[in-house]
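missing the sequence, but the structure's below:
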């Protein structure tokens, strides 16, 4: 249950205002400041779920976008009178909600110019810095060729597949519903592929964020089935389909995630950016 947030004293601005995500669509600084993270556009363009907090619904100077999972984007100018309200929002609302959903940590993103300022707000919450890498692919011509193993041939994720009672279906659905409002929005605006063997889903790659012309993919392979080529096979199938639909594909991962970095590079993704975020345990 969400806890009550204390009202700030004197003239401090409380970030207690929920605003409809679509009302942020006209704020150009969102794409400029947080363009490395497609989540901002995905939420404000109403593709994936999220909650927006602002200081002033009529003329927001700062905005916080939470994806109802593990990511928090902070945009705008963090003035001195916003430090305490922001820390209260993070510690008394978002951390508690995330903990209630079983989310072990929150990742905080900001524009580079506000990064140090955000770190000062998070002091006392145990922040650690994590390096992230963003890769992109714009055309199927960039996709590196390779031998396809028919034994690993992925299957499109459909409503029928999700209703087959396969082992690990719940884990796959957990991924889908972490980002998408429902099955219909996932299948209509995103999609993905899975490797299935002997009644068990072993690996999957799905679109996790979306805008009009971009989509970000996420990859998971169950632990006992890793290092067998499943991740590469399912990623290639999924990415090829998105590229054929005219979308630029984003691949995001921690810079220390060697397996994910390796797959991205082997597929032919171009590294666009490496940057730092803050991560706190809930």
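Sure thing, it's come through. Note that the structure is predicted; figures quoted are calculated from it, not measured. Numbering: from 1, shown residues only.

Would you mark the buried spots in the host helix or strand of residue 273?
Assigned by DSSP states H and E, residue 273 belongs to strand 270-281. By neighbour count with 16 or more other CB atoms under 10 Å, strand 270-281 contains the buried residues 275, 277-280. C-beta: built from backbone N, CA, C; applies to glycine.

Dump these to CSV, plus distance to residue 263 and pLDDT.
Listed next are the buried residues of strand 270-281 as CSV, based on distance: CB to CB, whole Å; pLDDT from 0 to 100:
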residue, distance to residue 263, pLDDT
275, 20, 93
277, 21, 96
278, 26, 98
279, 22, 98
280, 28, 97
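
count of residues packed around residue 217?
Neighbourhood size, residue 217 [other CB atoms under 10 Å]: 22.

thought it was touching residue 249?
Yes. If you go by CB atoms under 8 Å, residue 217 and residue 249 touch, sitting 6.2 Å apart.

Common neighbours of those two, please.
Shared contacts of residue 217 and residue 249 (CB atoms under 8 Å, 6 or more residues apart in numbering): 239, 242.

before we move on, back to that, partners of the strand holding residue 273 in the sheet?
strand 105-110 (antiparallel), strand 128-137 (antiparallel) (DSSP bridges).

most centrally placed residue in this protein?
Nearest to the mean C-alpha position of the chain, by CA atoms, centre = their mean, lies residue 39 at 5.6 Å.

Identify, from the buried residues of strand 270-281, the entry nearest to residue 224.
Distances from residue 224 to these, taken as CB to CB, are shortest for residue 279 (26.8 Å).

contacting residues around that closest one?
With CB under 8 Å, 6+ apart, residue 279 has these contacts: 105-108, 127-130.

Equivalent analysis for residue 73, please.
34, 37, 39-40, 64-66, 109-110.

Nothing else from me, thank you.
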